[in-house]
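Enquirer: test case, fold it:
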Amino acid sequence: MASLLSTTLNITSRLAPGLAGPRAFALFVKPLGRARLRPEEVEVMARAETGRMVVHGTAVTTYRWGDGDRPVLIVHGWSSRASRFAGFVEALRAQGRTVIAFDAPGHGESDGQFSTILDYRAIIGRLHAQHGDFSAVVAHSFGVVATFSMLNDGIPADRVIGIGGVAHFDYLVERFRAGLNLGEGVGRALRTHVERRLFPGDPDIWQRLDARRRLPGTRAPILLFHDTEDDVIDPAQSRAIAAAYGPQAHLIETTGLGHRRILSDPDIIATTVDFALSEPEPEPAPATVRRG
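Expert: Prediction:
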């Protein structure tokens, strides 16, 4: 199927360039299947107060554990769901923290088949309007670049934790192109369609969707995790964020956890919760911790 799609889009980009962008975009914004709730996540999710909001015409499911101020926001990654953070929720609730989360359109318990970064931004904006400023944001993969976009929109957070994160939106376009063996013509057509469809009239969009672009008003300490054996998102993405923010960011690299199992690792969860609850000065330089 991937080979057929690749051939079709490559031919379309040569014969009908105007059609290649929309067709590639339709694949680009469709999650790779809908992740199911795992048995070990059921109890935690059952304790959540669920809500629904309509974002860009799609009903989205939200979750809240606790009713305190300045909640911790969880932002899941692509083709994932909020329940993958069940271990983080339990650990944060054990410390009395309120946690909020959501399933993006086409993910988890939300409706729809497609999702874009505009959906993530709109949902986070609505949650901020409902619950106030966030004491911390814990994000994974695509959720990391969405979180930095949130900061760029002026929504504050006291601390930011990024796990296996994407540094810039353009990386996703290039990875999509390479993954389907699409030609550079399809990549250009997709970029053009993203600009016209999602961000018409915004010439600075690729810079604004880049977590490496350090914003003067972003002073929150940043904790980053990335596994050296991550086969989904290149560890260089988190290294680039750490380099851009210098002493404000602290990078911990692991080995053997991959892109997904890192979310259930007890040490990652414990370190994240400690960072979210405390008020330390950021580390003076990135550090590396390797585990088998």
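
Enquirer: alpha carbons only: can I get the helix or strand residue 185 falls within in CSV?
Expert: Using DSSP states H and E, residue 185 falls within helix 184-198. This file holds the C-alpha atoms of helix 184-198, laid out as CSV (Å, rounded to 0.1, in the frame of the first residue of the first chain):
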residue,chain,number,x,y,z
GLU,A,184,11.0,16.4,-3.4
GLY,A,185,8.2,17.7,-5.6
VAL,A,186,5.6,16.1,-3.4
GLY,A,187,7.3,17.6,-0.3
ARG,A,188,7.2,21.1,-1.8
ALA,A,189,3.5,20.6,-2.8
LEU,A,190,2.7,19.4,0.7
ARG,A,191,4.5,22.4,2.3
THR,A,192,2.6,24.8,0.1
HIS,A,193,-0.7,23.2,0.9
VAL,A,194,0.0,23.3,4.6
GLU,A,195,0.7,27.0,4.3
ARG,A,196,-2.4,27.8,2.3
ARG,A,197,-4.8,25.5,4.1
LEU,A,198,-3.7,25.9,7.7
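
Enquirer: chain center to the very next helix or strand once past it, what's the gap?
Expert: Going down the chain from helix 184-198, the next helix or strand is helix 205-208, by DSSP H and E. Using C-alpha atoms, centre = their mean, to the nearest Å, the mean C-alpha position of helix 205-208 is found 16 Å from that of the whole chain.

Enquirer: what's helix 205-208 in contact with?
Expert: Residues outside helix 205-208 that contact it (C-beta atoms under 8 Å, 6 or more residues apart in numbering): 149, 152, 168, 169, 170, 195, 198, 199, 202, 213. Placement of C-beta: from N, CA and C, glycine included.

Enquirer: angle of whichever strand or helix holds the fifth one against helix 184-198?
Expert: In other words, residue 170. Residue 170 is located in helix 169-179, with elements delineated by DSSP H and E. Helix 169-179 runs at 140 degrees relative to helix 184-198, counting by axes from the mean of the first three to the mean of the last three C-alpha atoms, to 10 degrees.

Enquirer: flag every buried residue along helix 169-179.
Expert: Neighbour-count burial for helix 169-179, counted by 16 or more other C-beta atoms under 10 Å, picks out 169, 170, 171, 172, 173, 176, 177.

Enquirer: where does this protein have low pLDDT?
Expert: Scanning the chain for pLDDT under 70 picks out 1-19, 216-217, 279-292.

Enquirer: rerun that using 50 as the cut-off
Expert: The model of the chain has pLDDT under 50 over residues 1-2, 4, 15-16, 280, 282-287, 292.

Enquirer: show me it divided up by domain.
Expert: Domains of the chain are assigned by automatic domain parsing as 1-30+169-208, 41-168+211-292.

Enquirer: just the ones you listed: most buried one?
Expert: Mean neighbour count (mean count of other C-beta atoms under 10 Å) peaks for domain 41-168+211-292 among the domains of the chain, with a mean of 19.

Enquirer: just how off-centre is that domain within its chain?
Expert: Put simply, domain 41-168+211-292 sits 7 Å off its chain's centre (C-alpha atoms, centre = their mean).

Enquirer: ditto for stretch 182-193
Expert: Offset of stretch 182-193 from its chain centre (C-alpha atoms, centre = their mean): 23 Å.
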